[in-house]
Structure formats: structure tokens, C-alpha cells
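Undergrad: Got a sequence here, can you build the structure:
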Amino acid sequence: MSRLPFDPIDEAARQWAEQGWGRVPAMHAVTSLMRVQQLVIGRLDALLRPHGLTFARYEALVLLTFSSRGSLPLGKMGERLQVHPTSVTSIVRKLDADGHVVRRPHPDDGRAVLAEITASGRAVVAAATDDLVGADFGLGVLEEGALTALSELLRPVRRAAGDF
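TA: Predicted coordinates for the structure are as follows:
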């Protein structure tokens with residue numbers, strides 16, 4: 001893709017202001033945020049593709065790696081990953097098909113299913129993590145202080161949405 005000779009978000013904000021629609025800084029910020037999200041997800045997915053993963057599947061494997069037993073109920077995974085139960089089922093189904101997790105009945109709750117990470121899952125998450133860290137998670141143009149400031153800047157939005 002060729003570079004534009006102008007910032008399209010700045011231009012959209014200029015035209016937004018001309019329309020008199022108001023809240024130009026909010027429109028500019030959200031449009032910038034959404035574009036950066038597209039760029040980062042594209043970069044992360046490209047880094048994870050050679051491992052047969054998407055970022056969503058990678059996050060699920062990391063979550064299982066962090067769990068004390070290497071397994072979690074699918075419902076708990078959905079809560080922690082903040083995704084719909086149908087999404088967790090789809091993610092785990094694909095990871096199971098690839099041999100990175102196994103699905104097991106919950107020993108204490110006959111209605112629940114556990115996802116348990118396998119040796120293959122641990123190996124692929126380790127390799128994928130090396131690649132993501134090596135690429136600074138797609139945010140290498142930002143210095144550490146800016147990364148911390150960005151996280152703190154977004155925290156109130158997440159808190160207001162009920163993330164925590």
C-alpha cells in the first residue's frame with residue numbers, strides 16, 4: 001500500500017469540524033485508536049501465522065500456561081479473555097484439532113468442559129512468544145515510557161466498561 005501525502009484521520013477530523021458535528025478530539029482519538037488496532041492485529045497475526053495461531057488462540061494458550069494446573073473451564077477462559085462463550089468454544093476446538101489443547105470433562109461439574117494445554121501447546125506458545133517479544137508486540141516505535149503512558153491512558157476507559 002502506498003503512503004498518502006496527508007494523514008487521512010486529520011483530514012476526516014477537519015471535515016468533521018466543518019460539518020459542525022462536535023467532539024472533534026474524541027472522533028480523532030477513536031478513529032486513530034481503531035486504525036492502530038487494525039495495524040497491530042495485522043502485524044501480530046502475521047507474526048503468529050507461521051505458528052498456526054491467531055492472536056486469539058495465542059491468548060488462550062498463554063492463559064492456560066499461566067493457570068496453576070495448565071487447565072481451565074471454558075467458562076472461566078471466556079471471563080478471563082473477555083470474549084463470548086461461543087468464541088471460546090471455537091478457539092478451543094481449533095487448538096484441540098491442532099493438538100495444542102485437549103478438552104476434558106470437568107471432574108467436579110458434569111456440565112463443564114476443561115481445556116488443558118498439551119506439550120505441543122506449551123512449545124508453540126513459547127516459540128510464538130519469542131517472536132512477539134522480538135517484534136515488541138508490533139509497538140516497537142514506542143519507547144517504554146510511552147507504552148506505560150498508553151496503558152494508563154486507556155485504563156479509565158476499560159474500568160468504565162466494567163473490565164475490572
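
Undergrad: which residues touch the longest helix anywhere in the chain?
TA: Using DSSP state H to define each element, the chain has its longest helix at helix 24-48. Identification of contacts with helix 24-48 by Cβ atoms under 8 Å, 6 or more residues apart in numbering yields 9-10, 12-13, 16-17, 21, 54-55, 57-58, 128, 131-132, 135, 137-139. In this view, the C-beta of every residue, glycine as well, is placed from N, C-alpha and C.

Undergrad: mean confidence score for that helix?
TA: Averaging pLDDT along helix 24-48 gives 96.

Undergrad: ok now that helix, how far from the chain's centre?
TA: Relative to its parent chain, helix 24-48 has a centroid offset of 12 Å by Cα atoms, centre = their mean, to the nearest Å.

Undergrad: mind listing what's buried in that helix?
TA: For helix 24-48, a neighbour-count test (16 or more other Cβ atoms under 10 Å) marks 27-28, 31, 43-44, 47-48 as buried.

Undergrad: what's the spacing between stretch 151-160 and its chain's center?
TA: Computed by Cα atoms, centre = their mean, the separation of stretch 151-160 from the middle of its chain amounts to 16 Å.

Undergrad: now that stretch: mean pLDDT?
TA: The model assigns stretch 151-160 a mean pLDDT of 95.

Undergrad: what comes up buried for that stretch?
TA: Buried-residue list, stretch 151-160, by 16+ other Cβ under 10 Å: empty.

Undergrad: List the contacts of that stretch.
TA: Residues from elsewhere that reach stretch 151-160 (Cβ under 8 Å, 6+ apart): residue 164.

Undergrad: before we move on, what about stretch 54-68?
TA: 41, 44-45, 48, 51, 53, 70-72, 77, 80-81, 83, 87-88, 91-92, 94-95, 100-101, 115-117, 121-122, 124-125, 128-129, 132.

Undergrad: Got a quick PyMOL command for the buried subset of these?
TA: Buried members of those, defined by 16+ other Cβ under 10 Å, are picked up in PyMOL with:
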select buried, resi 44+48+51+53+70+71+72+77+81+83+88+91+92+94+95+100+101+115+116+117+121+124+125+128+132
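
Undergrad: Could you tell me which of the contacts of stretch 54-68 belong to strands?
TA: Among the contacts of stretch 54-68, the residues falling in strands (DSSP state E) are 71-72, 101, 115-117.

Undergrad: Can you tell me which of those residues is closest to residue 149?
TA: residue 72 (32.2 Å; Cβ to Cβ).
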